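**Student:** okay, structure incoming, though there's no sequence with it:
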């Protein structure tokens with residue numbers, strides 16, 4: 001249409017011009033090779049169409065799945081360009097899940113620790129051999145407050161392993177210990193923070209955070225047992241070693257706390273490491289692997 005309009009604007013008007021233009025359209029002159037003048041244009045058009053088809057096929061191949069169909073567009077959404085590069089998706093890729101938000105204490109499990117419980121306890125049905133060769137024998141039983149997600153038997157086995165370690169008290173003549181299911185001299189209770197505060201109130205305020213040693217037993221704060229301490233450079237399971245060794249240390253006669261002996265040195269197990277290390281390295285054992293007692297200045 002653009003070429004026809006250009007001719008009419010050049011002044012070729014009138015019947016003669018019109019008939020000549022009509023005859024040229026009806027009987028175009030033939031070339032010596034016998035081909036009509038329109039043949040090359042047809043070839044160009046066909047070539048362009050073939051090229052477009054190939055480009056379209058490549059574009060469709062960009063879609064994951066290669067089925068020749070673009071993604072369905074939901075109302076209100078804009079479909080991505082077919083030429084946008086996308087990595088292939090695995091066929092068995094699970095749906096994405098939101099990352100759990102960190103708890104206020106920085107531990108992923110702190111938000112599942114109940115603040116309070118019924119105040120009743122389940123005793124671990126577990127017993128073991130006597131650990132240690134010197135000092136008085138203390139038979140201990142482990143109890144866990146009802147309604148919490150901690151196995152009393154597993155907790156008892158964990159504590160037995162701690163007291164049996166060559167870096168703990170029994171290996172250095174500070175007492176003998178035996179796990180029993182009944183008839184205990186000492187009861188180690190794992191309690192929710194508020195129950196811990198009630199049981200420890202006779203010796204001071206634990207503020208829902210600390211553990212304590214009481215007459216005839218040890219009270220372990222469930223929060224500390226599960227989440228550890230933000231001051232301790234290690235996993236919560238390792239922080240349990242510090243809890244037991246610290247409170248048993250009070251029980252066997254180390255009544256005073258200790259302070260950091262110097263920057264870069266191991267913190268004594270009788271140091272309240274949850275309140276800060278003051279330059280010391282966190283440590284869960286009263287003795288080193290070489291048998292040296294880790295000590296520090298006494299805290300009044």
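**Tutor:** Thanks, I have it. Predicted model, so just to flag it, every value in this text is computed and none were measured.
**Student:** CA only for contacts and neighbour counts going forward, please
**Tutor:** OK.
**Student:** what is the burial count for residue 256?
**Tutor:** When neighbours are defined as other C-alpha atoms under 10 Å, residue 256 has 14 of them.
**Student:** doesn't residue 299 make contact with it?
**Tutor:** Yes: between residue 256 and residue 299 a contact is recorded at 6.3 Å, counting by C-alpha atoms under 8 Å.
**Student:** the strands in this structure, which residues?
**Tutor:** 121-123, 137-145, 176-179, 186-191, 212-214, 217-221, 257-258, 298-299 (DSSP state E).
**Student:** go through the ones you listed and name the closest to residue 166.
**Tutor:** For the strands of the chain, distance to residue 166 was read as C-alpha to C-alpha. The smallest value, 12.8 Å, belongs to strand 176-179.
**Student:** which residues sit against the closest one?
**Tutor:** Strand 176-179 has contacts (C-alpha atoms under 8 Å, 6 or more residues apart in numbering) with 126-141, 156, 160, 163, 170.
**Student:** change it to 6 Å
**Tutor:** 127-132, 135-140, 170 (C-alpha atoms under 6 Å, 6 or more residues apart in numbering).
**Student:** which among those count as buried?
**Tutor:** Taking 16 or more other C-alpha atoms under 10 Å as the criterion, what is buried in these is 127, 130-132, 138-140, 170.
**Student:** any idea how far residue 200 is from residue 219?
**Tutor:** 7 Å (C-alpha to C-alpha, to the nearest Å).
**Student:** count the residues that sit near the spatially closest residue to residue 250 that is not a sequence neighbour.
**Tutor:** Nearest residue to residue 250, sequence neighbours excluded (C-alpha to C-alpha, 6 or more residues apart in numbering): residue 213, at 6.8 Å. If you count neighbours by other C-alpha under 10 Å, residue 213 ends up with 21.
**Student:** roughly how far apart are residue 213 and residue 160?
**Tutor:** In terms of C-alpha to C-alpha, residue 213 sits 18 Å off from residue 160.
**Student:** so what's residue 197 scoring on pLDDT?
**Tutor:** Looking at residue 197, its pLDDT is 98.
**Student:** please read the previous query as pertaining to residue 166.
**Tutor:** Confidence score, pLDDT, at residue 166: 97.
**Student:** show me what contacts it?
**Tutor:** Counting by C-alpha under 6 Å, 6+ apart, residue 166 touches no other residue.
**Student:** ok, now how distant is it from residue 281?
**Tutor:** Residue 166 sits 20 Å away from residue 281, taking C-alpha to C-alpha as the criterion.
**Student:** and for residue 179?
**Tutor:** 31 Å.
**Student:** then residue 297?
**Tutor:** For residue 297, the distance to residue 281 - C-alpha to C-alpha - is 15 Å.
**Student:** from what I can see residue 180 touches residue 125, true?
**Tutor:** No: under the criterion of C-alpha atoms under 6 Å, residue 180 makes no contact with residue 125, lying 7.9 Å away.
**Student:** have a look at residue 200 and residue 219 and say which one is more surrounded.
**Tutor:** Taking neighbours as other C-alpha under 10 Å, residue 200 and residue 219 compare with residue 219 leading, 25 against 21.
**Student:** now do the contacts for that one.
**Tutor:** By C-alpha under 6 Å, 6+ apart, the contact list for residue 219 reads 189, 211-212.
**Student:** for it, name its beta-bridge partners.
**Tutor:** Beta-bridge partners recorded for residue 219 (DSSP bridges): residue 189, residue 212.
**Student:** any idea how far it lies from residue 175?
**Tutor:** Using C-alpha to C-alpha, residue 219 is found at 20 Å from residue 175.
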